[in-house]
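**Q** One predicted model, sequence on top.
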There are 2 protein chains.
Amino acid sequence: MDEDTLTQALSRAETLCAQRGVRLTPQRRRVLELVCRAERPVGAYELLDQLRDGGPAAPPTVYRALDWLLEQGLVHKLETLHAFIGCTHPEHPHASQFLICDGCGGVKELEDKAIAGSLASVAAESGFRPSRPVVEVIGTCSDCAAKHGKD
Amino acid sequence: MDEDTLTQALSRAETLCAQRGVRLTPQRRRVLELVCRAERPVGAYELLDQLRDGGPAAPPTVYRALDWLLEQGLVHKLETLHAFIGCTHPEHPHASQFLICDGCGGVKELEDKAIAGSLASVAAESGFRPSRPVVEVIGTCSDCAAKHGKD
DNA sequence: AGCGCACTGTTATACTGTTTCATCACGGTC
DNA sequence: GACCGTGATGAAACAGTATAACAGTGCGCT
Ligand SMILES: [Zn+2]
Ligand SMILES: [Zn+2]
Ligand SMILES: [Zn+2]
Ligand SMILES: [Zn+2]
């Protein structure tokens, strides 16, 4: 995420939190910034290392901030990578899907109605009430497929 | 899984591996049995504890067996739980989806064409080549919803 | 001042997974 | 039989991920 997009994302987050009456404290803001600044999903301990540049910090610090950011939908957790990524459209709550390239590590966040729909209807058939759908597709992005083809 | 189903599952696994020309060694068979015997997803260290009842064992032992069983499609890994579960229909390779109840811990394995289809087409739109789709829906099963309603 | 509450700091610990090297068993070759 | 390559196992150490437990701090409220 470039500097402008970052600034914009952070101020959107500020606005959102103000509207919701929740506190985007300096710690949380800092962690959000670090997550967004990364081009790739970031691990908790990676964040921790960066936090430590500005003073002492311990695992609970970063996990607390991440938990809160997850609740607020400002970041997502990629279960298959044990890593976190900034949400591209945190304004409304949403069930997203992720395409995760194991070549370059890039991740694309999608919000596809068809997938969400089939998931919901399959769940309904079983009388299952979904609370947190996790959809992560590991594979190869078009760029990496092209490169690999050229090799 | 009851004793009969278990015996059946194990002999199906034997047959499959024979057909494929791969070796379902005693260790692997033992781990498969432990995974299948459990009514719920089992963690690697839980399996390890059980393995240790029959002699010394270390983490790589159980992880190696699990990796191999995963390759063969005899078990699945639930990424959101860091746990493993026996596959209900290992005869053919498949992309399954899981409904995971956070009330009772029960898991239902599905193989829904509509979901697989929408995933594939969304991926295709992005020029993404999927290799391992992960679909796990956390929520509440019908039984737990009923119980909870009665409380 | 006294209290409750949300946030933070700190230490320790639990849980999950990998690296590394040594050893062993099996099958094919000379 | 001696030799060797390969796959499977044993064992020790380590790396990575996440939480528990408890103490301290700041702030608004009565
Ligand atoms: Zn999002
Ligand atoms: Zn890529
Ligand atoms: Zn299956
Ligand atoms: Zn349930």
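**A** Received, thanks. Ligands and ions are numbered 1, 2, ... in the order given.

**Q** Show me which residues of chain A sit near ligand 2.
**A** A:Cys101, A:Gly103, A:Cys104, A:Cys141, A:Cys144 (Cβ under 5 Å from the ion). (Each C-beta comes from the backbone N, C-alpha and C, glycine too.)

**Q** And what about A:Ala65, helix, strand or coil?
**A** helix (DSSP: H, G, I helix; E, B strand; the rest coil).

**Q** can you pull the contacts of it?
**A** Residues near A:Ala65 by Cβ atoms under 8 Å, 6 or more residues apart in numbering or on different chains: A:Gln27, A:Arg28, A:Arg30, A:Val31, A:Leu32.

**Q** Swap in 6 Å and give it another go.
**A** For A:Ala65, the contacting residues are A:Gln27, A:Arg28, A:Val31, by Cβ atoms under 6 Å, 6 or more residues apart in numbering or on different chains.

**Q** one step back: mind checking which of the residues of chain A next to ligand 2 are in strands?
**A** Among the residues of chain A next to ligand 2, DSSP state E puts A:Cys101 in strands.

**Q** Turn the contacts of A:Ala65 into JSON lines, columns for pLDDT.
**A** Formatted as JSON lines, the contacts of A:Ala65 follow (pLDDT from 0 to 100):
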{"residue": "A:Gln27", "pLDDT": "97"}
{"residue": "A:Arg28", "pLDDT": "98"}
{"residue": "A:Val31", "pLDDT": "98"}
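
**Q** Top of those by number of neighbours, please.
**A** Comparing those by number of neighbours (other Cβ atoms under 10 Å in any protein chain shown), A:Val31 comes first, having 28 neighbours.

**Q** So it, which state does it fall into?
**A** Following three-state DSSP, we place A:Val31 in the helix state.

**Q** where does it sit relative to A:Asp67, distance-wise?
**A** As judged by Cβ to Cβ, to the nearest Å, A:Val31 and A:Asp67 stand 10 Å apart.

**Q** Check A:Thr7 too.
**A** Per Cβ to Cβ, A:Thr7 is found 25 Å from A:Asp67.

**Q** What of A:Arg129?
**A** A:Arg129 is 23 Å from A:Asp67, where distance means Cβ to Cβ.

**Q** shouldn't A:Leu47 be in contact with A:Leu34?
**A** Yes - A:Leu47 is within contact range of A:Leu34, at 5.3 Å (criterion: Cβ atoms under 6 Å).

**Q** Let me know the pLDDT of A:Lys150.
**A** We have a pLDDT of 52 for A:Lys150.

**Q** How far off centre is the helix or strand harbouring A:Ala18?
**A** Remark: A:Ala18 resides in helix A:3-20, with elements defined by DSSP states H and E. Relative to its parent chain, helix A:3-20 has a centroid offset of 15 Å by Cα atoms, centre = their mean, to the nearest Å.

**Q** Whether it contacts DNA strand C - can you check?
**A** No - on the criterion Cβ under 7 Å from any atom of the strand, helix A:3-20 is out of touch with DNA strand C, staying 9.8 Å away.

**Q** If you count contacts, what does that helix end up packed against?
**A** Of the remaining helices and strands, none touches helix A:3-20 by 3 or more Cβ pairs under 6 Å, 6 or more residues apart in numbering or on different chains; DSSP states H and E.

**Q** closest point of chain A to ligand 3, which residue?
**A** Of chain A, the residue with the smallest distance to ligand 3, taken as Cβ to the ion, is A:Val122 at 15.3 Å.

**Q** residues near A:Val122, how many?
**A** By other Cβ under 10 Å, 20 other residues sit near A:Val122.

**Q** what's the answer for A:Ile138, then?
**A** A:Ile138, neighbours per other Cβ under 10 Å, totals 16.

**Q** who touches it in this structure?
**A** With Cβ under 6 Å, 6+ apart, A:Ile138 has these contacts: A:Ile100, A:Asp102, B:Ser131, B:Arg132.

**Q** got those residues as a markdown table, with neighbour count and distance to A:Gln72 columns?
**A** Shown next, in a markdown table, are the contacts of A:Ile138 (neighbours: other Cβ atoms under 10 Å in any protein chain shown; distance: Cβ to Cβ, whole Å):
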| residue | neighbour count | distance to A:Gln72 |
| --- | --- | --- |
| A:Ile100 | 25 | 23 |
| A:Asp102 | 15 | 29 |
| B:Ser131 | 11 | 32 |
| B:Arg132 | 12 | 30 |
